[in-house]
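# predicted coordinates and the sequence they were generated for:
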Protein chains: 2
Amino acid sequence: MDPLTRRQSEILGFIRQHIAGHGMPPTRAEIVQAFGFRSLTAAEDHLRALARKGAIELMPGTSRGIRVVADDPAPAAANDDDALPLVGRVAAGVPITAVEQIESWYRIDRHLFHPQPDFLLRVQGWSMRDAGILPDDLLAVQRVETAENGQIVVARIGDEVTVKRFQRSGSIVRLLPANPDFAPIRIDLRQQELAIEGRAVGLLRTGGFALA
Amino acid sequence: MDPLTRRQSEILGFIRQHIAGHGMPPTRAEIVQAFGFRSLTAAEDHLRALARKGAIELMPGTSRGIRVVADDPAPAAANDDDALPLVGRVAAGVPITAVEQIESWYRIDRHLFHPQPDFLLRVQGWSMRDAGILPDDLLAVQRVETAENGQIVVARIGDEVTVKRFQRSGSIVRLLPANPDFAPIRIDLRQQELAIEGRAVGLLRTGGFALA
DNA sequence: GAAGTAACTGTACGTAAATACAGTGATCCG
DNA sequence: CGGATCACTGTATTTACGTACAGTTACTTC
């Protein structure tokens, strides 16, 4: 979210306060009255600015169509039974689920998934497009050390973490993308180390569906 | 608080749900649409009844001037702030979110999604494959009545509910699949009726990733 | 069997509210 | 210096919304 000006913060504060107190967002007129403006456009301009900076969302043609974007993602606690950690950027060789790697926790009904996941991983790139796995999706992953052929796994080669379909024959492992634009990764277990971090058991897409 | 009738409870539930999902109380028109009424007065009557019985408070002359008074913990799941209903098979002409259509509730951190969804819908068929929407995925849908070009919408034509990308020019609406094996649906609004049930804001894949 | 309540349809109207357009200063910035 | 952003004033137009009025049908209750 872009930084707000002093005035914009006051407006945002008023919106929050109004929702808390009245159970609904304010109208332009109510903002005007609260701040002593003499023109509706003053309120409109502020709302546009706040929307542009991502602090609020405006719903065109809708009365009181203001939604405060939650910048405080309701931090679920680590001890919550139904919370899953979102694993962030992965640093040099550290196991992916190390505490330092955890970005945040999300409350999700674990039993939704079969089998049950242990953590979420944000997907990067288009390599698994044809498996319906897109960038910025959250992959629900179950921690396993070994994989069966055909399963989609989270694998680590050195510092690189990747999501691919697993295929092994003898000491040769192929990590297959689901996208003809990407090349398979071939690993000889006698020469290179491959760590299986987990197995994909589900997926969560939290953003909208913009045009690709 | 006086006891509510079955229908009145449903209305109250919808108001709660709307506030939770949209951050503001519904208008009369939104209630009418949600329940499939054909007259604004139906909604008005219910609101009056709920106000008379003390379940809500109405603020005269104020758009969305509905305040839920009681915080009775009636249907455990439906009241959960972080629960989403899974909408089941859709029957003849009934609005998709009609109470009777709800299969079950799932506990999911609403704040994960932007904007926040109102219900989940199980995806059927491969027509949105290239948008990463596969069969048996649960689509997180925000209830909206209109759509912008390019958005992925849940639309109803008669009794048929479909998920497609929305494109409108004039009175011609095209519902575009994201899969070359499927044909676009072309609708002339002057001849056919098209109901937008909602807008895709996220996705939940609960099964594993079997080989396609 | 009259009266009341619940749950609606259908029409109409005034106003609450969103929003476009045209400006005015003030400040910052390369 | 010109151009952007900020913070407004003032007017106008449309549409979203609340709400009144007049009915209908079915079910309960005294």
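Noted; the coordinates are in hand. Numbering: from 1, shown residues only, chains lettered A, B, ... in the order given.

# give me the domain ranges for chain A.
A:6-68, A:83-204 (automatic domain parsing).

# anything in the last one near chain B?
Yes: taking C-beta under 8 Å from any C-beta of the partner chain as the criterion, domain A:83-204 and chain B are in contact, through A:106-109, A:112-115, A:129-134, A:137, A:140, A:150-152, A:165, A:199-204. C-betas here are computed from N, CA, C, even on glycine.

# in strands only, show me those residues.
A:106, A:107, A:140, A:152, A:165, A:199, A:200, A:201, A:202, A:203, A:204 (DSSP state E).

# those into a markdown table, with extra columns for distance to residue A:63?
Listed next are these as a markdown table, based on distance: C-beta to C-beta, whole Å:
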| residue | distance to residue A:63 |
| --- | --- |
| A:106 | 32 |
| A:107 | 32 |
| A:140 | 38 |
| A:152 | 46 |
| A:165 | 50 |
| A:199 | 48 |
| A:200 | 43 |
| A:201 | 43 |
| A:202 | 38 |
| A:203 | 36 |
| A:204 | 32 |
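
# can you redo the residues you listed as a markdown table with distance to residue A:125 and neighbour count?
Listed next are those as a markdown table, based on distance: C-beta to C-beta, whole Å; neighbours: other C-beta atoms under 10 Å in any protein chain shown:
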| residue | distance to residue A:125 | neighbour count |
| --- | --- | --- |
| A:106 | 22 | 23 |
| A:107 | 28 | 21 |
| A:140 | 18 | 28 |
| A:152 | 14 | 27 |
| A:165 | 15 | 21 |
| A:199 | 19 | 24 |
| A:200 | 15 | 25 |
| A:201 | 20 | 23 |
| A:202 | 19 | 25 |
| A:203 | 15 | 29 |
| A:204 | 17 | 28 |
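
# which one's the longest helix in chain A?
The longest helix of chain A (DSSP state H) is helix A:6-22.

# and the contacts of that one?
Residues outside helix A:6-22 that contact it (C-beta atoms under 8 Å, 6 or more residues apart in numbering or on different chains) are A:4, A:24-26, A:30-31, A:34-35, A:43, A:46-47, A:49-50, A:53, A:55-56, A:66, A:68, B:23, B:67.

# for the residue in chain A sticking out farthest from the centre, which non-adjacent residue is spatially closest?
Residue farthest from the centre of chain A, counting by C-alpha atoms, centre = their mean, is residue A:38 at 41.6 Å. Using C-beta to C-beta, 6 or more residues apart in numbering or on different chains and skipping residues adjacent in sequence, the residue nearest residue A:38 is residue A:32, 7.7 Å away.

# tell me the angle of the helix or strand containing the one you found relative to helix A:6-22?
Applying DSSP states H and E as the criterion places residue A:32 in helix A:28-35. Angle, helix A:28-35 to helix A:6-22, by axes from the mean of the first three to the mean of the last three C-alpha atoms, to 10 degrees: 110 degrees.

# low-confidence stretches in chain A?
Along chain A, the model assigns pLDDT under 70 to residues A:1-2, A:70-83, A:88-105, A:110-111, A:158-159, A:207-208, A:210-212.

# contact partners for residue A:141?
A:117, A:118, A:119, A:120, A:121, A:154, A:197, A:198, A:199, A:200, A:201.

# beta partners of it?
Residues in a beta bridge with residue A:141, per DSSP bridges, are residue A:119, residue A:200.

# now do the longest helix of chain A: distance to the chain's middle.
Chain-centre distance of helix A:6-22: 27 Å, with C-alpha atoms, centre = their mean, to the nearest Å.

# ok, stretch A:31-43 next?
36 Å.

# what of stretch A:107-123?
Counting by C-alpha atoms, centre = their mean, stretch A:107-123 comes out at 13 Å from the chain centroid.

# now swap in stretch A:62-70 and tell me
Distance, centroid of stretch A:62-70 to centroid of chain: 22 Å (C-alpha atoms, centre = their mean).

# is any residue of it near DNA strand D?
Yes: for stretch A:62-70 and DNA strand D, the contact criterion (C-beta under 7 Å from any atom of the strand) is met by A:62, A:63, A:65.

# distance of the first one relative to residue B:22?
Right, residue A:62. Computed as C-beta to C-beta, to the nearest Å, the residue A:62 to residue B:22 distance reads 9 Å.

# for residue A:46, same thing?
Taking C-beta to C-beta, one finds residue A:46 at 21 Å from residue B:22.

# who are the neighbours in contact with residue A:113?
Applying C-beta under 8 Å, 6+ apart, the residues contacting residue A:113 are A:140, A:201, A:202, B:206, B:207.

# which one is it nearest to, not counting chain neighbours?
Per C-beta to C-beta, 6+ apart, closest to residue A:113 is residue A:202, 4.3 Å.

# try residue A:124
Residue nearest to residue A:124 in three dimensions, not counting chain neighbours: residue A:135, with 6.2 Å by C-beta to C-beta, 6+ apart.

# same question, residue A:117
That would be residue A:140: by C-beta to C-beta, 6+ apart, it lies 3.7 Å from residue A:117.

# excluding sequence neighbours, find me the nearest residue to residue A:133.
For residue A:133, the closest residue by C-beta to C-beta, 6+ apart turns out to be residue A:123, at 5.7 Å.

# for residue A:112, the count of nearby residues, please.
21 (other C-beta atoms under 10 Å in any protein chain shown).

# OK, contacts around it?
So residue A:112 contacts A:202, B:106, B:108, B:204, B:206 (C-beta under 8 Å, 6+ apart).

# tell me how far the second one lies from residue B:85.
So that's residue B:106. Residue B:106 is 8 Å from residue B:85, by C-beta to C-beta.

# common neighbours of those two, please.
With C-beta under 8 Å, 6+ apart as the test, residue B:106 and residue B:85 both reach residue B:120.

# returning to that earlier point: of the residues of stretch A:62-70 next to DNA strand D, keep whichever come out buried.
A:62, A:65 (16 or more other C-beta atoms under 10 Å in any protein chain shown).

# could you redo the residues of stretch A:62-70 next to DNA strand D as JSON lines and give each row distance to chain B and secondary structure?
JSON lines is the format used below for the residues of stretch A:62-70 next to DNA strand D (distance: C-beta to the nearest C-beta, whole Å; DSSP: H, G, I helix; E, B strand; the rest coil):
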{"residue": "A:62", "distance to chain B": "8", "secondary structure": "coil"}
{"residue": "A:63", "distance to chain B": "4", "secondary structure": "coil"}
{"residue": "A:65", "distance to chain B": "8", "secondary structure": "coil"}
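
# save the residues of stretch A:62-70 next to DNA strand D as TSV, and put in distance to residue A:183 too.
Output for the residues of stretch A:62-70 next to DNA strand D, formatted as TSV (distance: C-beta to C-beta, whole Å):
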residue	distance to residue A:183
A:62	48
A:63	54
A:65	47
